[in-house]
Structures are given as structure tokens and as C-alpha cells.
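All I have is the shape, not the residue letters:
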Ligand SMILES: [Zn+2]
């Protein structure tokens, strides 16, 4: 039986809703009424798919003061350190969450790439 995906996944949809919610509140609090641009920082280990988040954002921004807003997503690499080879590494690939890309050891600590932050908001 074919699997049909009708809309954006719930995960990204609820994130897009909270992004717009936070942006709207900040915009109104600063005395402005139109959101021009929202910039996000999304870690590669955050589990958020940028394409799905953009899709969800475009779908729900209508009927809000962010209806004309542009969403910019800056993808942040995963970073980590290895206890065995003492190496530090960064990658956009999820596989480094499980083993060191240099020595293949599983004794790694992931130090970055989980973030999902609003880094810039342009209002008019
Ligand atoms: Zn290593």
C-alpha cells in the first residue's frame, strides 16, 4: 500500500507555528506591525529538516503579520570530540552522532549541532 504524505510533518509544523508565534510577539512588542524576515539557526543534530520547516512556514504564514516574511535557515554542523583519538570533528552528516569519523570509536561526545534558535528578526 503506497504511503501518501499530505502535508508537512507535525514536528516541523509545530516548530513553524512557534517560530511565527515568537516572531509576531517580538514584532508587536517592539511597536512594529509587519515581519520582513526571520533568520533561524538549525543544528544538523536537532532533528529538524530545513526543507520541511520552510514548507510548513510557507503554509501557515498566511493570515499572519508574517505573510510576506522570508524565512532564512542557517544550518549549523554537528561538532564533537573523540575520547580515543582526541580528535575534534564537525560534519553535516548524521552518522557522526554514532562514531568518530577519524578512528571509528563510539567514545565520542557531541558538543554542538542541537540548536534551533531565532537569530535575527527584521520588522517594519
Ligand atoms: Zn576518534
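Structure received. As the structure is a computational prediction, the values presented were derived from the model and not from experiment. Residues are numbered from 1 along each chain as shown.

Let's see the pLDDT reported for the closest residue to residue 83 other than its chain neighbours.
Sequence neighbours aside, residue 107 is the residue nearest to residue 83 in space, at 4.1 Å (criterion: CB to CB, 6 or more residues apart in numbering). Just so you know, the C-beta spots here come from the backbone N, C-alpha and C atoms, and that holds for glycine as well. Predicted confidence (pLDDT) for residue 107: 97.

could you measure residue 107 against the ion, distance?
Remark: distance between residue 107 and the ion (CB to the ion, to the nearest Å) = 8 Å.

tell me the contacts of the most centrally placed residue in the chain?
Nearest to the geometric centre of the chain sits residue 42, at 3.0 Å (CA atoms, centre = their mean). By CB atoms under 8 Å, 6 or more residues apart in numbering, residue 42 lies in contact with 48, 50, 53, 73, 74, 75, 76, 115, 116.

Can you turn the buried subset of those into a selection I can paste into PyMOL?
In PyMOL syntax, the buried subset of these is picked out as below (16 or more other CB atoms under 10 Å):
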select buried, resi 48+50+53+73+76+116
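
Among the contacts of residue 42, which are located in helices?
Taking DSSP state H, the ones among the contacts of residue 42 that sit in helices are 50, 53.

which SS class is residue 57?
helix (DSSP: H, G, I helix; E, B strand; the rest coil).

can I get the contacts of residue 42 in TSV with pLDDT?
Below are those laid out as TSV (pLDDT from 0 to 100):
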residue	pLDDT
48	93
50	94
53	96
73	97
74	96
75	96
76	96
115	93
116	93
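
Closest one to the ion out of the contacts of residue 42, please.
Nearest to the ion among the contacts of residue 42: residue 76, at 21.5 Å, using CB to the ion.
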